[in-house]
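**Q** Return a 3D structure for these sequence lines:
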Amino acid sequence: RRIVAWLHKLRAEARFKVVLESTTLLASWWRAQAQKRRHKRKLLAVATIRQSWRRLKGRRQDATREAAALVVQRVWRGVLHRVHESRKVSAAIRIQKHARRRLLVALLARKQLAAVQLQAIWRGFAARQQYSKMQVLQ
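**A** Below is the predicted model:
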């Protein structure tokens, strides 16, 4: 009987060990699954934070690029405006130059006409004077 009892006890211990090992294995598997779920949630959180950060960074870069584009546009429009104004000024200067030349030519023509008229008047006066002197001498 002792041996039989001892064998039963041994079998019970062996079954206990199997149950204990099975339970340990099952608990280990369950903890691993829970750890995987927590790890997945952490990865998802990290991915969400990374995505949000990249979106924010992209918006900042877009804003910076837009500001830079506005600066470039403003500078370019200034250059175009100055070139346009420079062409207007050059055209105005050319117009003024031609107008002054015409005025000067007209003034010189009037002066020349006045000089010719003065010469004609003077010559007529001188001729009459000489004629009257000749009348007196005859």
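
**Q** now the most centrally placed residue in the chain: how far from Trp76?
**A** Taking Cα atoms, centre = their mean, the centroid of the chain lies closest to Ala69, which sits 1.2 Å from it. Distance, Ala69 to Trp76, using Cβ to Cβ, to the nearest Å: 10 Å. The way it works is simple: take the backbone N, C-alpha and C, and place the C-beta from them, glycine included.

**Q** same check, this time on Arg1
**A** For Arg1, the distance to Trp76 - Cβ to Cβ - is 109 Å.

**Q** now Val4
**A** From Val4 over to Trp76 (counting by Cβ to Cβ), the distance is 105 Å.

**Q** what does Arg128 give?
**A** 77 Å.

**Q** And Arg1 and Trp76? Which one has more around it.
**A** Trp76 (10 against 5; other Cβ atoms under 10 Å).

**Q** for the record, mean pLDDT for the helix or strand that contains Leu103?
**A** If you go by DSSP states H and E, Leu103 is part of helix 2-137. For helix 2-137, mean pLDDT is 91.

**Q** Please report the number of neighbouring residues for Ala126.
**A** 10.

**Q** let me redo that: Phe125
**A** With other Cβ under 10 Å as criterion, Phe125 counts 10.

**Q** Arg1 and Val116: what is the separation?
**A** Arg1 is 168 Å from Val116, by Cβ to Cβ.

**Q** go on, Val72?
**A** 65 Å.

**Q** cool, and Ala127?
**A** 16 Å.

**Q** And Lys88, by the same measure?
**A** Lys88 sits 42 Å away from Val116 when distances are taken as Cβ to Cβ.
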